[in-house]
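Engineer: Prediction below, plus the sequence it came from.
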Amino acid sequence: MRVFMFPGQGSQYVGMGKAAYEKSQAAQKVFLVAEEITGLPIRELCFEGPLSELTRTLNLQPALTAVNLAVLEDLRAKNIDADICCGHSLGEYSALYAAGIVSLEDVFRLVMKRGELMEQAAEKFPGEMYAVIGLKREILEELLKKAQEKGIVTLANHNTPEQIVITGEKEAATLAASLAKEAGARVVKLKVSGAYHSPLMAEAAQEFKNFLKDIPFAPPQKRFFSNVSAKEEKDPAKIKELMGKQIESPVRWVEETQNIFAAGGREFIEIGPKTVLCGLIKKILPPEQIVINAIEDPEKIDK
């Protein structure tokens, strides 16, 4: 079975999506809808930057989604589609559209609101995120218990068996990062403005749940797997509920991809800029049993 997976924040760069836009009418339509719904200069942000404006959460979420979906629509125009759809954090919104759960217009309404609320939450409740590489989850969870004496700090993204992102209040997150270093991990501070996927996002999550009430969710046309439950989800009401919790909940990427593999997923195609998810999949699943590709440029689609 073929799996389309969509990247989230961190995969952006100035110039992303330009090749797809120049060569594909299907891709052009996506950018025009994105600009119409958000009122943002999406093409200018993606193709010309500057990077400082592109990486603002408010701008980045609709911009990256536009690139993911422009590439998707170019693929579909060439009769290439998936059996299973999933995405990492922000990328899950692209998967909602790819699976037929929300409309193109509504996906941009959702990511625009999500970006706005997350940016506000980061200003109101500042925090930090660190990638911890080389420690098993159980060991890291023990270290987090110690650091929690200083405040909120928790697991954010379980990206690979040994690459886990932690998130939380500055003092607690800094302490957790230094404890992880002492335990032999490599620790990288992420360039983000807030403690995403943590309880510091609870207020934003509540507002987002209220916003979601007016957005229609349809039953999936493709198999859809959730970051929050790590499982296949079929009920539109349940999917909506999970999307309401997503910004304050951990991304269970390891379990999710293992469940996709167990469900028969064998050809994994990353749709959108860069190859971050391809790198993660290689560290989670048996490489000899799967095929991994990344598609961003129309020339690669033609091949």
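Structural biologist: Perfect, thanks for sending it.
Engineer: residues touching Ile281, list them.
Structural biologist: Contact analysis of Ile281 by C-beta atoms under 8 Å, 6 or more residues apart in numbering lists 5, 257, 268, 290, 292. C-beta coordinates here come from the backbone N, C-alpha and C atoms, glycine included.
Engineer: Contacts for the strand or helix carrying the third one, please.
Structural biologist: So the one you mean is Phe268. Per DSSP states H and E: Phe268 is located in strand 267-271. If you take C-beta under 8 Å, 6+ apart as the criterion, strand 267-271 is touched by 1-7, 68, 71-72, 75, 82, 94, 98, 276-278, 281, 285, 290-296.
Engineer: Can you select the buried ones among the contacts of Ile281 for me in ChimeraX?
Structural biologist: In ChimeraX, a selection of the buried entries from the contacts of Ile281 looks like this (16 or more other C-beta atoms under 10 Å):
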select :5,257,268,290,292
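Engineer: closest to Ile139 among the contacts of Ile281?
Structural biologist: Distance to Ile139, by C-beta to C-beta, is smallest for Thr257 among the contacts of Ile281, at 21.8 Å.
Engineer: Which element, helix or strand, includes the closest one?
Structural biologist: helix 253-262.
Engineer: The stretch 201-303 of the chain: strands as residue ranges?
Structural biologist: 223-224, 267-271, 291-295 (DSSP state E, counting those that start in this stretch).
Engineer: Out of these, which is the most enclosed?
Structural biologist: Scoring those by mean neighbour count under mean count of other C-beta atoms under 10 Å gives strand 267-271 as the most buried, with a mean of 24.
Engineer: what's the offset of that strand from the middle of its chain?
Structural biologist: Relative to its chain's centre, strand 267-271 lies at 14 Å (C-alpha atoms, centre = their mean, to the nearest Å).
Engineer: related to what we said a few turns ago, mind putting the strands of the stretch 201-303 of the chain in CSV, distance to His88 included?
Structural biologist: Formatted as CSV, those follow (distance: least, C-beta to C-beta, whole Å):
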stretch, distance to His88
strand 223-224, 14
strand 267-271, 10
strand 291-295, 13
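Engineer: for the ones you listed, which one sits closest to Val30?
Structural biologist: strand 267-271 (12.0 Å).
Engineer: quick one: that closest one to helix 253-262, angle?
Structural biologist: Here strand 267-271 points in a direction 130 degrees away from that of helix 253-262 (axes from the mean of the first three to the mean of the last three C-alpha atoms, to 10 degrees).
Engineer: where are the low-confidence patches of the protein?
Structural biologist: Low-confidence segments of the chain (pLDDT under 70): none present.
Engineer: So what's the residue count around Ala195?
Structural biologist: Taking other C-beta atoms under 10 Å as the criterion, the count of residues near Ala195 is 28.
Engineer: Is it in contact with Lys124, as I believe?
Structural biologist: No - the pair Ala195 / Lys124 is not scored as a contact, 11.2 Å apart, by C-beta atoms under 8 Å.
Engineer: re the thing from before, could I get the contacts of Ile281 as JSON lines with distance to Leu117?
Structural biologist: As requested, these are exported to JSON lines (distance: C-beta to C-beta, whole Å):
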{"residue": "Met5", "distance to Leu117": "25"}
{"residue": "Thr257", "distance to Leu117": "27"}
{"residue": "Phe268", "distance to Leu117": "31"}
{"residue": "Ile290", "distance to Leu117": "36"}
{"residue": "Ile292", "distance to Leu117": "33"}
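Engineer: Looking at the contacts of Ile281, spot the one nearest Leu140.
Structural biologist: Thr257 (19.3 Å).
Engineer: Pull the contacting residues for the residue nearest to that closest one when sequence neighbours are not counted.
Structural biologist: Spatially, and ignoring its direct neighbours in sequence, Thr257 is nearest to Ile284 (5.1 Å; C-beta to C-beta, 6 or more residues apart in numbering). Ile284 is in contact with 160-161, 253-254, 257-258, counting by C-beta under 8 Å, 6+ apart.
Engineer: Equivalent analysis for Ala185, please.
Structural biologist: Counting by C-beta under 8 Å, 6+ apart, Ala185 touches 132-135, 140.
Engineer: From Phe211, how far off is it?
Structural biologist: 37 Å (C-beta to C-beta, to the nearest Å).
Engineer: where do the helices sit along this protein?
Structural biologist: Under the criterion DSSP state H, the chain contains helices at 18-23, 25-38, 42-48, 51-54, 57-77, 91-98, 104-124, 137-147, 170-182, 202-212, 236-245, 253-262, 276-284, 298-302.
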